[in-house]
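Enquirer: can't give you the sequence, but here's the structure:
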């Protein structure tokens, strides 16, 4: 057979095909060569198909063919960077605890986290309220061990409390700087929503300085100058940490918005969660550990929370302005309307209270108020609330 008449699968030099179907000698002429080439072509096609299948499967990283043609498993090693969500969760989760509370008025669950190696735990006040009158608090660690906990102190004004268990090597978390957090920064929430310990969710900081009010008829309301996040937070997350992408705590998860009229409903996450800034929580925790109690700043006013206009109205009662307090010294009177604090507008009484409590005792604030259509600005030094 001449090379210009040979089938396309025969090499141009007329030599034997690349894949030979016969293990023995060829038998006679062009017919024998054609048969051999035809079989070789089929084998080549079959091998090409097998190679394609192998390549496709191996590319998916799930299966591969062994040398004898059988299918075997293929396992890939996934490397996770320390600053990935998985890496941060692995570092932070051992420091987060589940809290179980029982008392005369019922049981409750929540979360908390170690702030000191000697067993001090920070959580929300509303998590442990049911244990205040002869109840008990039990802390479950990430390793499955359970410890009875002692309530060291609590502050209902900021919805914070400190517990302690008998342990000397607790994995305390690093506390960050909530003043430096920016809207859009990534965050991770860890806790025990609905009793599901070790749950990790992620999101961003959606807003800062959100005035959030929580509390119930059992005691004083809490006023929080909160960080807002879209990380999923549900009942049971309360008291758990909100950490930044270095693993440092920048907030204490405390409240969620519901589709009802307030924040006390037991709705699931709708992407509106709120956390107490860690700078405030740290100050409160240090005071509770040191003395068993803490306080909050005031200017010495009672506000009319039934007022429906814009601003915070000073109650029109004889005792609305504390005698000798900062507001009285600055000239504020009953019936005045506060419209801004430190230049930031306030829409209602709750916003005014949150703005004041975001400061520390001894800080100076500028209060803008109206009286008889005239606007005034007064500077006053905050004092500690009597307890």
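Expert: Received, thanks. The structure displayed is predicted, hence computed values, not measured ones.
Enquirer: alpha carbons only for contacts and neighbour counts from here, please
Expert: OK.
Enquirer: what stretches of the stretch 51-200 of the chain score poorly on pLDDT?
Expert: Counting by pLDDT under 70, the ranges of the stretch 51-200 of the chain that qualify are 51-70, 72-75.
Enquirer: Which residue ranges of it form helices?
Expert: Listed in chain order, the helices found in the stretch 51-200 of the chain under DSSP state H, counting those that start in this stretch are 85-92, 125-128.
Enquirer: Just say which of these is most tucked in.
Expert: When the helices of the stretch 51-200 of the chain are scored by mean count of other CA atoms under 10 Å, the highest mean neighbour count falls to helix 125-128 (a mean of 25).
Enquirer: distance of the residue positioned nearest the centre of the chain from residue 299?
Expert: Centroid-nearest residue in the chain: residue 189, 2.0 Å away (criterion: CA atoms, centre = their mean). The gap separating residue 189 from residue 299 is 35 Å, by CA to CA, to the nearest Å.
Enquirer: next one: residue 247
Expert: Here residue 247 is placed at a distance of 37 Å from residue 299 (CA to CA).
Enquirer: do residue 119 as well
Expert: The spacing between residue 119 and residue 299, counted by CA to CA, is 36 Å.
Enquirer: One more: residue 348?
Expert: According to CA to CA, residue 348 stands 16 Å off from residue 299.
Enquirer: Neighbour count: those two, which is higher?
Expert: residue 299 (25 against 22; other CA atoms under 10 Å).
Enquirer: Residue 382 is in contact with that one, correct?
Expert: Yes. Contact criterion CA atoms under 8 Å: residue 299 and residue 382 qualify, at 5.5 Å.
Enquirer: Common neighbours of those two, please.
Expert: With contacts taken as CA atoms under 8 Å, 6 or more residues apart in numbering, residue 299 and residue 382 have residue 326 as neighbours in common.
Enquirer: Do me a favour and average the pLDDT over the helix or strand containing residue 254.
Expert: Using DSSP states H and E, residue 254 sits within strand 249-256. For strand 249-256, the mean per-residue pLDDT is 94.
Enquirer: from the chain's centre, how far out does stretch 102-118 sit?
Expert: A distance of 18 Å separates the centroid of the chain from that of stretch 102-118, by CA atoms, centre = their mean, to the nearest Å.
Enquirer: let me redo that: stretch 79-90
Expert: Averaging C-alpha positions (CA atoms, centre = their mean) puts stretch 79-90 15 Å from its chain's average.
Enquirer: likewise stretch 334-347?
Expert: 33 Å.
Enquirer: what are the bridge partners for residue 368, then?
Expert: In this structure, residue 368 has the following beta-bridge partners (DSSP bridges): residue 340, residue 377.
Enquirer: scratch that, residue 101
Expert: Each beta-bridge partner of residue 101 is listed here, defined by DSSP bridges: residue 108, residue 137.
Enquirer: right, and it touches residue 131 too?
Expert: Yes. Under the criterion of CA under 8 Å, residue 101 is in contact with residue 131, at a separation of 6.2 Å.
Enquirer: so what's in contact with those two at the same time?
Expert: Both residue 101 and residue 131 are in contact with residue 137, where contact means CA under 8 Å, 6+ apart.
Enquirer: Residue 354: which element?
Expert: Secondary structure assigned from DSSP H and E places residue 354 in helix 349-357.
Enquirer: Point out the other helices and strands that that helix packs with.
Expert: Here helix 349-357 is seen to pack against strand 199-214, strand 222-229, strand 297-298, strand 312-313, strand 337-341 when contacts are counted using 3 or more CA pairs under 8 Å, 6 or more residues apart in numbering; DSSP states H and E.
Enquirer: Figure out how far stretch 199-206 is from the centre of its chain.
Expert: Going by CA atoms, centre = their mean, where stretch 199-206 is centred and where its chain is centred differ by 4 Å.
Enquirer: Not counting that stretch itself, show me its contacts.
Expert: With contact meaning CA under 8 Å, 6+ apart, stretch 199-206 is reached by 85, 89, 182-193, 227-233.
Enquirer: tell me which residues in that stretch are buried?
Expert: Of all the residues in stretch 199-206, those buried under the rule 16 or more other CA atoms under 10 Å are 199-206.
Enquirer: one step back: give the PyMOL command for selecting the buried subset of the contacts of stretch 199-206.
Expert: In PyMOL syntax, the buried subset of the contacts of stretch 199-206 is picked out as below (16+ other CA under 10 Å):
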select buried, resi 85+89+186+187+188+189+190+191+192+193+227+228+229+230+231+232+233
